[in-house]
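Novice: How does the following fold in three dimensions:
(one chain, ligands or ions: 1)
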Amino acid sequence: MRIFSGIQPTGRKHLGNYIGAIEQYVAYQDRGEAIYCIVDLHATTVPYEPALLRERLYDTAAVLLAAGLDPARCIFFRQGDVPEHTELTWLLSSVTAFGDLNRMHQFKEKAGAQRDLVSAGLFTYPILMAADVLAYRADQVPVGDDQRQHIELMRDIAQRFNARFAPDAATPPLVVPQGVYREIGARIMDLQEPERKMSTTGGTEQGTVLVLDEPKTIERRFRRAVTDSGSEIRRAPEKPGISNLIEILAAVRGSDFASVESDFADARYGDFKLAVAAAVIERLRPVQERYAELRPDETALEAILTAGAEKAHAIAAPVVAEVRELMGVGPNPRRSGPDS
Ligand code: TYM
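Specialist: Reported below is the predicted structural model:
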């Protein structure tokens, strides 16, 4: 089984990224051939500073390695190092419906947040994401809940490509991938506005816990987390703040909602919030320590990413060559060679 996922080098990684995605990446290294990519090309679709993008890329690489990605057990690389991603994006754009792109929630949200330019890249972002996965014929894509619509679209793109260009193939050229979502922790919400997902771009600063935040900052964020007027620690639609805290603690402990609810049946909100903060601080402490060791050595980070890109390229190149050939573009395999 092959696994693929990608993460943006924008902003700073937060607890939602960590619980919803990064922990899954680490676990999936033992479940198959895992391929993970930092998507620098995706990061160019909104306004950004080139020098800062490079900094954030190293930050993100160091966070992922600190969290447990092991280059000996997975392929870890930078998207922009492997040109097959961009080529396949163009090829797949011919089997992507404009109407489908136009329905993407993330496009609407991000387009609405732009002051000046809404780039065409922001609109075609989901095709690049489809190309990321389809270039590796990946079977499973571990992601957070907010990526569901993008995953559905990449499945449609793969199916449409197979039906259009290889209708009779015994083995379809592109694998139709499946999204995999954590049962608990696929959607971590903002601590201040628990109706919104935690995010460094769309959420509140006070309601966002960063992987690299100091323990006292983390504690403060949880202590001030919005709850409701009741006093019971249980999950309910009218208690989004408490429900989110229960979900965070269950995910961090690797337990379930019921055991968190029963452990805190007699607790007050204040004590419960401090317990969640303590668990998160403990979970992030080793990641932060390891990050401090890894981040300064950019040469070592580059070496890991470059070696990963070579391995990624070796997998993606023949897949993209086959796509090109099936579409009838590029070098003609029947007319190449010394006699042609
Ligand atoms: P990105 O960089 O925004 O987020 C990285 C991962 O974190 C998950 N996530 C969350 N999970 C739970 N709760 C939250 N509040 C939360 N916020 C973010 C995301 O679902 C994601 O899994 N388009 C993707 C990057 C991408 C990609 C790919 C993913 C590019 N190519 C190919 C999978 C396969 C993105 O922007 O993720």
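
Novice: and stretch 165-174, how far apart are its ends?
Specialist: One end of stretch 165-174 to the other measures 10 Å (Cα to Cα, to the nearest Å).

Novice: I'd like the distance from stretch 33-40 to the chain centre, please.
Specialist: 9 Å (Cα atoms, centre = their mean, to the nearest Å).

Novice: From the rest of the structure, what touches the helix or strand where residue 112 lies?
Specialist: Using DSSP states H and E, residue 112 falls within helix 105-113. The contact list for helix 105-113, computed with Cβ atoms under 8 Å, 6 or more residues apart in numbering, reads 45-46, 101, 118, 122-123, 125-126, 146, 149-150, 201-202. Backbone N, C-alpha and C define where each C-beta goes, glycine included.

Novice: and if we set it to 6 Å?
Specialist: Applying Cβ atoms under 6 Å, 6 or more residues apart in numbering, the contact partners of helix 105-113 are 118, 122-123, 149.

Novice: low-scoring pLDDT stretches of the protein, where are they?
Specialist: Along the chain, the model assigns pLDDT under 70 to residues 11, 337-340.

Novice: what comes into contact with stretch 43-54?
Specialist: Residues outside stretch 43-54 that contact it (Cβ under 6 Å, 6+ apart) are 8-10, 119, 121-122, 125.

Novice: tell me which parts of the chain are close to the ligand?
Specialist: 4-8, 16-17, 20-21, 39, 42, 129, 132-133, 141, 143-144, 146-147, 150, 186-188, 197-199 (Cβ under 6 Å from any ligand atom).

Novice: where do the helices sit along the protein?
Specialist: 15-17, 23-28, 50-67, 84-93, 98-102, 105-113, 120-134, 148-165, 215-223, 240-253, 257-263, 269-294, 298-327 (DSSP state H).

Novice: Just send these back as CSV, with distance to residue 229 too.
Specialist: Output for these, formatted as CSV (distance: least, Cβ to Cβ, whole Å):
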stretch, distance to residue 229
helix 15-17, 25
helix 23-28, 33
helix 50-67, 37
helix 84-93, 49
helix 98-102, 41
helix 105-113, 30
helix 120-134, 40
helix 148-165, 32
helix 215-223, 18
helix 240-253, 11
helix 257-263, 19
helix 269-294, 10
helix 298-327, 48
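
Novice: and the ones you listed, which is most packed in?
Specialist: Across the helices of the chain, averaging neighbours per residue (mean count of other Cβ atoms under 10 Å) puts helix 15-17 on top, at a mean of 25.

Novice: who's in contact with the nearest residue to residue 154 once chain neighbours are set aside?
Specialist: Of all residues not flanking residue 154 in the chain, residue 130 sits nearest, at 3.6 Å (Cβ to Cβ, 6 or more residues apart in numbering). Neighbour list for residue 130: 92, 154, 157 [criterion: Cβ under 6 Å, 6+ apart].

Novice: If we use 7 Å, what do you get?
Specialist: Neighbouring residues of residue 130 by Cβ atoms under 7 Å, 6 or more residues apart in numbering: 92, 153-154, 157.

Novice: still on that earlier bit, can you tell me which two in the contacts of stretch 43-54 are farthest apart?
Specialist: 9 and 119 (17.3 Å; Cβ to Cβ).

Novice: So for residue 232, which of the helices of the chain sits nearest?
Specialist: Proximity to residue 232, assessed across the helices of the chain by Cβ to Cβ, is greatest for helix 240-253 (8.0 Å).

Novice: Export the contacts of helix 105-113 to a markdown table and append columns for distance to residue 330.
Specialist: Listed next are these as a markdown table, based on distance: Cβ to Cβ, whole Å:
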| residue | distance to residue 330 |
| --- | --- |
| 118 | 32 |
| 122 | 28 |
| 123 | 25 |
| 149 | 31 |
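
Novice: Looking at these, spot the one nearest the ligand.
Specialist: Of all the contacts of helix 105-113, the ligand sits closest to residue 149, with 10.5 Å by Cβ to the nearest ligand atom.

Novice: is it true that the closest one touches residue 101?
Specialist: No - taking contacts as Cβ atoms under 7 Å, residue 149 lies outside contact range of residue 101: 10.7 Å.

Novice: Residue 187 reaches residue 145, doesn't it?
Specialist: Yes - contact criterion Cβ under 7 Å: residue 187 and residue 145 qualify, at 4.0 Å.

Novice: So if I had to pick from those two, which one is more boxed in?
Specialist: Taking other Cβ atoms under 10 Å, residue 187 and residue 145 do not tie; residue 187 has more neighbours (18 against 15).

Novice: ok, now which ones touch residue 62?
Specialist: With Cβ under 7 Å, 6+ apart, residue 62 has these contacts: 291, 294-295, 301.

Novice: For it, give its distance to residue 44.
Specialist: Using Cβ to Cβ, to the nearest Å, residue 62 is found at 21 Å from residue 44.
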